[in-house]
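Colleague: the amino acid sequence is not available; the structure is as follows:
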């Protein structure tokens, strides 16, 4: 276990009825930007609950609608402009990970001097940010309890990440009932997103971090257990509650302390979203079979542990156990409607080369927990994934 | 899963060498109370590391030594007096859970008007506290990452708990090397303390909290896995690191969210410490066989889950599986040198009656996750435990 520093100040308000509590969590007299996405919150009752809570506490608020999946820099800068002219001093993000991520950039950009895009391209330091809260409606990214965000830019076709303790939400409301009206596709995406978040932090090499390993396995096993009910029964409160809490715990930093991390599936996947507009989670399930094929020797010990503890595979030769664990994982992705592998997408034959080039140009290579995924390995990963 | 609110702001600095970081964590210009216990930190190098770090950052500090195991109200009030006269505005607790707990009361009592004992007896509200940091040297209580403390009073023979978000440490340094010089008895106590903390939050009744269950099982399994090495090899860094992190995670509130909690083993145990001065962890292992015998029907479902997932007991009739899980747990306590049951202590025959009376007089009854442990049940628990 390597030395680490861990602090997560986000206040979690979990369970049905918690949206009403936001009024108390937002400082009195705040000027609030109420930011959301495509408007589904208007049909599922969340918008009504939020605005009622804000009105009841006499909070001044201005709305900003239209933060899209893979939130666009261009859209967010319009929210920054509005916030500056309205002297906004609190941001309330209502939606999924894209809205939360988008609001993190808005929060950092409002007081930022200069071009806010440099926060993403040049890791320009963030000295402060407008405080923000999140009302989560889609369990998936974990953004509600961490300091990170991923932002896309239409004009350059880029999808880049940034992080700062200043954009850690002050609070996050997780009401499983807000997920009852989600399409099955988004639940499936959320399950895969959370699952792969854990794999990026767990399926690396042994680091004598016994508790972190078991906690990571806990999230994986819980997702596997609750997936059938979460997919089949929209109003199964307990399944949705466990999904929601698992997705948050998958990426709030706790299973990452003191252990190596991978994130190559994510970084390669981001390029596919940027190039082809494929849903984030679908890029993860798409890339993963290629990644694990190329890295199966490097990840051998943890793959065997994953096979035994998560999939209860204890018999057979090592290589067979690893094959079966990979097959189980791919079958799991498929079972929630998210295809493992990229064969089902109409990708250009030179996609592996293009993605490797883009990552190389940006200075992102090498990738992986051992920094052994170079241009050539990226190409092999994608070529293999395109055959699955 | 019942609705919950969770927030834990403690900054964890984990790993060898982290003590040097305290200088940066304590606000500049602070007047620090450096509080510790019996002085073992002077022989194991921790005192030197701490004072070096404080001096390097030019922090003014005053020492207060002699906070005892089961910290005494009387002792702590002397520290409060010193702190007031020295205008202390930061408290640095260096030691185990007793020092951390004691410093929480010191922190709350310094600005408290009136009799600070009412914080424990009458839950007198705490409006503010002096900020505190912890350098942990004994993995056990979890006090370093929570808002709770247990304080004893010599004059009345009481041992009572209090909690307030204001006494949550600002930071906690967890350096596993500080545990290398601990006597085996204290390591055994720490393992049992952490283990029973988890049982109090896990071995109750099912609450559809799949992830919390698995995380609790993760802490239990990790403690079981690392106990032999943690006991036998004082300088086994990884075992001590996993023990230290497990003990913290056992009681930082995370496995408690949305689930029922018991705590009757603790409350009964506190009386035995108050009456007989038995080590805290020893009272837990002492009481638990009685508790589980009386509550085995009420806890049936979780006992079966505990048997299967923690002890891999899957065969046999339900009752046999429960028997074996209880036997395994008692054997585990014994294996780290902490006797399961109370037979080995020289307790007066009327102890069950006296303890039940004390709990009743204080209005603490009924106990347990179902509030079904009344005076009579307390007596039965202790009578049974005294035969084991």
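Modeller: Here it is on my side, so go on. Here the structure is a predicted model, which means the values were calculated and not measured.
Colleague: please list the residues of the stretch 1-150 of chain A that sit near chain B.
Modeller: A:1-18 (CB under 8 Å from any CB of the partner chain). Heads up, the C-betas are built off the backbone N, CA and C, glycines and all.
Colleague: quick one: which of the residues you listed sit in strands?
Modeller: A:4, A:5, A:6, A:7, A:8, A:9, A:10, A:11, A:12, A:13, A:14 (DSSP state E).
Colleague: of these, closest to residue B:192?
Modeller: Nearest to residue B:192 among these, counting by CB to CB, is residue A:6 at 25.4 Å.
Colleague: now that closest one. Nearest residue, chain neighbours left out?
Modeller: Leaving aside its sequence neighbours, residue A:6 sits nearest to residue B:12 (CB to CB, 6 or more residues apart in numbering or on different chains; 4.5 Å).
Colleague: the one you found contacts residue A:7, correct?
Modeller: Yes: between residue B:12 and residue A:7 a contact is recorded at 6.8 Å, counting by CB atoms under 8 Å.
Colleague: so which of those two has more stuff around it?
Modeller: Ranked by neighbour count (other CB atoms under 10 Å in any protein chain shown), residue B:12 and residue A:7 place residue B:12 first, with 24 against 16.
Colleague: near chain B at all, the biggest helix by length in chain A?
Modeller: Ranked by residue count under DSSP state H, the longest helix found in chain A is helix A:210-232. Yes: using CB under 8 Å from any CB, we find that helix A:210-232 touches chain B at A:210, A:211, A:212, A:214, A:215, A:217, A:218, A:219, A:221, A:222, A:225, A:226.
Colleague: adding distance to residue A:371, write those out as JSON lines.
Modeller: As requested, these are arranged in JSON lines below (distance: CB to CB, whole Å):
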{"residue": "A:210", "distance to residue A:371": "25"}
{"residue": "A:211", "distance to residue A:371": "26"}
{"residue": "A:212", "distance to residue A:371": "21"}
{"residue": "A:214", "distance to residue A:371": "27"}
{"residue": "A:215", "distance to residue A:371": "25"}
{"residue": "A:217", "distance to residue A:371": "25"}
{"residue": "A:218", "distance to residue A:371": "28"}
{"residue": "A:219", "distance to residue A:371": "26"}
{"residue": "A:221", "distance to residue A:371": "30"}
{"residue": "A:222", "distance to residue A:371": "31"}
{"residue": "A:225", "distance to residue A:371": "35"}
{"residue": "A:226", "distance to residue A:371": "35"}
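Colleague: residues touching residue A:74, list them.
Modeller: A:153, A:154, A:155 (CB atoms under 8 Å, 6 or more residues apart in numbering or on different chains).
Colleague: surely the second one and residue A:76 touch.
Modeller: No: contact criterion CB under 8 Å: residue A:154 and residue A:76 do not qualify, at 11.4 Å.
Colleague: domain map for chain A?
Modeller: By the assignment in automatic domain parsing, chain A contains the domains A:11-178, A:184-385.
Colleague: just the endpoints, please. Distance across stretch A:142-153?
Modeller: 22 Å (CA to CA, to the nearest Å).
Colleague: now the strands for the stretch 1-150 of chain A?
Modeller: A:4-14, A:31-36, A:60-64, A:90-95, A:132-136, A:148-153 (DSSP state E, counting those that start in this stretch).
Colleague: can you say which of those is nearest to residue A:310?
Modeller: strand A:4-14 (23.8 Å).
Colleague: neighbouring strands - and their directions - for that closest one?
Modeller: Sheet pairing for strand A:4-14, assigned by DSSP bridges, gives strand A:171-174 (parallel), strand B:4-14 (antiparallel).
Colleague: out of those strands, flag the one nearest residue A:127.
Modeller: strand B:4-14 (19.7 Å).
Colleague: and the angle from that closest one to strand B:132-136?
Modeller: Strand B:4-14 and strand B:132-136 are oriented at 60 degrees to each other (axes from the mean of the first three to the mean of the last three CA atoms, to 10 degrees).
Colleague: just how off-centre is strand B:4-14 within its chain?
Modeller: 16 Å (CA atoms, centre = their mean, to the nearest Å).
Colleague: export the strands of the stretch 1-150 of chain A to JSON lines and tack on mean pLDDT?
Modeller: Putting those into JSON lines (pLDDT from 0 to 100) gives the following:
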{"stretch": "strand A:4-14", "mean pLDDT": "97"}
{"stretch": "strand A:31-36", "mean pLDDT": "98"}
{"stretch": "strand A:60-64", "mean pLDDT": "97"}
{"stretch": "strand A:90-95", "mean pLDDT": "98"}
{"stretch": "strand A:132-136", "mean pLDDT": "98"}
{"stretch": "strand A:148-153", "mean pLDDT": "95"}
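Colleague: now the ones you listed in CSV, with distance to residue A:117?
Modeller: As requested, those are exported to CSV (distance: least, CB to CB, whole Å):
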stretch, distance to residue A:117
strand A:4-14, 26
strand A:31-36, 19
strand A:60-64, 19
strand A:90-95, 19
strand A:132-136, 20
strand A:148-153, 7
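Colleague: can you say which of those strands is nearest to residue B:363?
Modeller: strand A:4-14 (30.6 Å).
Colleague: for the closest one, buried residues please.
Modeller: A:4, A:6, A:7, A:8, A:9, A:10, A:11, A:12, A:13, A:14 (16 or more other CB atoms under 10 Å in any protein chain shown).
Colleague: just stretch A:177-188 next, same as before
Modeller: Neighbour count says stretch A:177-188 has A:177, A:178, A:179, A:181, A:182, A:186, A:187, A:188 buried, by 16+ other CB under 10 Å.
Colleague: verify the contact between the second one and residue A:44 for me.
Modeller: Yes: under the criterion of CB under 8 Å, residue A:178 lies in contact with residue A:44, with a separation of 6.9 Å.
Colleague: and for these two, which residues touch both?
Modeller: With CB under 8 Å, 6+ apart, residue A:178 and residue A:44 have common neighbours residue A:137.
Colleague: mind listing what's buried in stretch A:222-242?
Modeller: A:222-227, A:230-231, A:236-242.
Colleague: end-to-end on that stretch?
Modeller: Terminal-residue distance, stretch A:222-242 (CA to CA): 7 Å.
Colleague: quick one: contacts of it?
Modeller: Contacts for stretch A:222-242 (CB under 8 Å, 6+ apart): A:14-16, A:139, A:176-177, A:179-182, A:184, A:187-188, A:191, A:194-195, A:243, A:246, A:310, A:332, A:335-337, B:1, B:208-211, B:214, B:258.
Colleague: can you give me how far that stretch is from the chain middle?
Modeller: 19 Å.
Colleague: could you do stretch A:350-362 as well?
Modeller: 23 Å.
Colleague: looking at it, residue A:172 is touching residue A:11, isn't it?
Modeller: Yes: using CB under 8 Å, residue A:172 is in contact with residue A:11, at 7.4 Å.
Colleague: all helices of the stretch 201-350 of chain A, in order?
Modeller: A:210-232, A:237-250, A:264-276, A:280-294, A:300-309, A:318-335 (DSSP state H, counting those that start in this stretch).
Colleague: which one of those lies nearest to residue A:39?
Modeller: helix A:280-294 (20.4 Å).
Colleague: that closest one vs strand A:148-153, what angle?
Modeller: 110 degrees.
Colleague: now for helix A:280-294, which elements pack on it?
Modeller: helix A:184-202, helix A:264-276, helix A:318-335, helix A:375-385 (3 or more CB pairs under 8 Å, 6 or more residues apart in numbering or on different chains; DSSP states H and E).
Colleague: quick one: closest of those to chain B.
Modeller: Chain B lies closest, by CB to the nearest CB, to one member of those: helix A:184-202, at 10.9 Å.
Colleague: got the buried residues for the closest one?
Modeller: A:186-202.
Colleague: and stretch A:101-111, by the same measure?
Modeller: Buried-residue list, stretch A:101-111, by 16+ other CB under 10 Å: A:101, A:102, A:103, A:104, A:105, A:106, A:107, A:108, A:109, A:110.
Colleague: same question for stretch A:30-47.
Modeller: A:30, A:32, A:33, A:34, A:35, A:36, A:37, A:40, A:41, A:44, A:46, A:47.
Colleague: correct me, but the fourth one touches residue A:88?
Modeller: No: at 9.8 Å, residue A:34 does not count as touching residue A:88 under the criterion of CB under 8 Å.
Colleague: great, nothing more from me.
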